[in-house]
Structures are given as C-alpha cells and as structure tokens.
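S.K.: model the following, please.
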Amino acid sequence: MSKVSFSARRRRGGRASMVRTYVGVVAILVWGLAPFYWMLVTAFRDKSHTFDTTPWPTHVTLQNFADALSTDKGNDFLRAIGNSLLVGGVTTVLAVLVGVFAGYALARLNFRGKGIVTGIVLAASMFPGIALVTPLFQLFSDIGWIGSYQALIIPNISFALPLTIYTLISFFKQLPWELEEAARVDGASRFQAFRLVLLPLAAPALFTTAILAFIASWNEFMLAKQLSSDATEPVTVAIARFSGPSSFEFPYAATMAAGALVTVPLVIMVLVFQRRIVAGLTAGGVKS
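M.R.: Numbers count the residues shown, from 1 in each chain. Next up, the predicted model:
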C-alpha cells in the first residue's frame, strides 16, 4: 500500500512540475510577445483610434504603412532600410570572417599570450557602449568620418566580434583533434585541414554567429544616432526621427507600422532558422 501511495505521489508531483513548467513558459511568452502583439495591433489600426484599448485589431487599415513609407514629411524609410541592410551585411561578413580565424587560433593553437588575448576579447565584450560615444564621435570628427558608413560599420564589428569569437572557440574546442590530424597525415597543410575539414563542420556555429551579429547590428541605435547623417541613418534612427503632420502630433501609428516592417522579418528569420541557431549555441556545450 505504501509503494502504491508513493508511486501516486510521484505521479502527482511530476504532473505538478509539468504544470509549473508550462505556466512559466506561457508567462515568459506573454511577457516577451505582448509588446510585439500590441505594436502589430496599433500598426493596423486607424490613427484616429490609436489609443483604443481594445485588445484585438479594430478599425483595420493599411494607411499607417503607407505613411511610414511616404517621403512627404521628410522621412525616407526605404533608404534607411537599405542603409541597415548594408551596415548589417558588411558587419556580419567581416565579423564572421575575422572571428572564424581568431576562434580557430584561440581554440586549436598554442602560442605565447593566448590567455591574455582571450581576456582582452572578454573585456571588450563587457565594455559599456555608452562610454564609447564621446571618444568615437571625437575620433571620427577629426578624420572626417561622421555621417559615413565606415563610422557605423567599424563600431558594430567591435561589438559583434567577441560574441563571434567565443561562440566559435567553444565549437572548435569540441571538434576532435583526430579529424585535423588525419588530414595532416594525408598531406594537407594546416590551412587546408582547417578549410576542407573543420570549416564545413563549423557551419552551424557560423550560421548562428552570423544571424546574431546581423540582429545586433540591425538593432543598434545609440552610436548610430550620433555617428550617422540623413543619408546614412539606419532604420532605428529613422524611426526615432519620424515626424507627424504638425510639431504637436507624434505619429504613433506610423511609428508602429515602421517598427513592424523592421521587426517581423527578423522574427520570421529566427523562427525559420531556430534549429540551426540552437544547434550552434549548444554545439560547444557538450564534450564528445
């Protein structure tokens, strides 16, 4: 009888634990997605009903998206999207290109000062970005880079590199040394073994770091606000500069529509490639 009672208590405890898990997951989803949902509701709602508190779409219209893409009030949102794509694409390519070689060197090679280099990379990842605004603005002003694309790309690369390097270090450390040694025995040089054997196996980690680097660059606002011009401003700065019909009216609905235009594609991309992202992030966490 006691064994049956103990088994029943274990089953009840297991069900209670599962219920708590699902409740926690639902709470996190609501907390994270509620602002995104309300942004979509407001984006599709007529601007005369912007402050309507109905929790589902009402007075649906596409005029807000037309207003967001219009250039009548000095906004050039399509150009800003192009700027963000350019800055994010170049940042991602350079960060992954440099990061893959740095990650391989720090994971597979032994050289003097290896620990110091790793510590410097870690310190750079923890350095507050707000502390760089003034020195970067002064530096780029002195060399005439304010308002240029390189003034946006170089700081973004410095922010993306630590994440890229540490993700790839953990992945390369997980790969068995025998693969590289076998290629070397067959006559391949170290670079050929890296390019032909290790690099294809690192595709999940490369894919993950590329997506995360692009998203970080796409969402960056603080430095872009100070270092960009009207011709090079990314979407984050363009949305912040949206103007309404008058100086006393803020275009909330058009701003929400613009936010939806730049957020929904990222959400779709993450959902489509979520398995690759998770595989890349967890690849270095389990030893073979």
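
S.K.: buried residues of stretch 257-271, list them for me.
M.R.: By 16 or more other C-beta atoms under 10 Å, the buried positions in stretch 257-271 come out as 257-263. Using the backbone N, CA and C atoms, a C-beta is placed for each residue, glycine as well.

S.K.: where does the chain have low pLDDT?
M.R.: Applying pLDDT under 70 to the chain flags residues 1-14, 244-248, 276-288.

S.K.: domain map for it?
M.R.: Split into domains by the TED database, the chain comes to 13-60, 66-285.

S.K.: mind telling me what element the most centrally placed residue in the chain is part of?
M.R.: With the centre of the chain defined as its mean C-alpha position, the nearest residue by C-alpha atoms, centre = their mean is I215, 2.7 Å away. The secondary structure element spanning I215 is helix 203-219 (assigned by DSSP states H and E).

S.K.: mind listing what's buried along that helix?
M.R.: Of the residues in helix 203-219, those buried under the neighbour-count criterion (16+ other C-beta under 10 Å) are 204-219.

S.K.: and that helix, what does it pack onto?
M.R.: Counting contacts by 3 or more C-beta pairs under 8 Å, 6 or more residues apart in numbering; DSSP states H and E, helix 203-219 packs against helix 77-108, helix 149-174, helix 252-272, helix 274-282.

S.K.: got the angle between the second one and helix 203-219?
M.R.: On the basis of axes from the mean of the first three to the mean of the last three C-alpha atoms, to 10 degrees, helix 149-174 is oriented at 150 degrees to helix 203-219.

S.K.: quick check: next helix or strand after helix 149-174?
M.R.: Scanning forward in sequence from helix 149-174 by DSSP H and E, the next helix or strand is helix 177-185.

S.K.: list the buried residues of that next one.
M.R.: Using 16+ other C-beta under 10 Å as the test for burial, helix 177-185 gives 180, 183.
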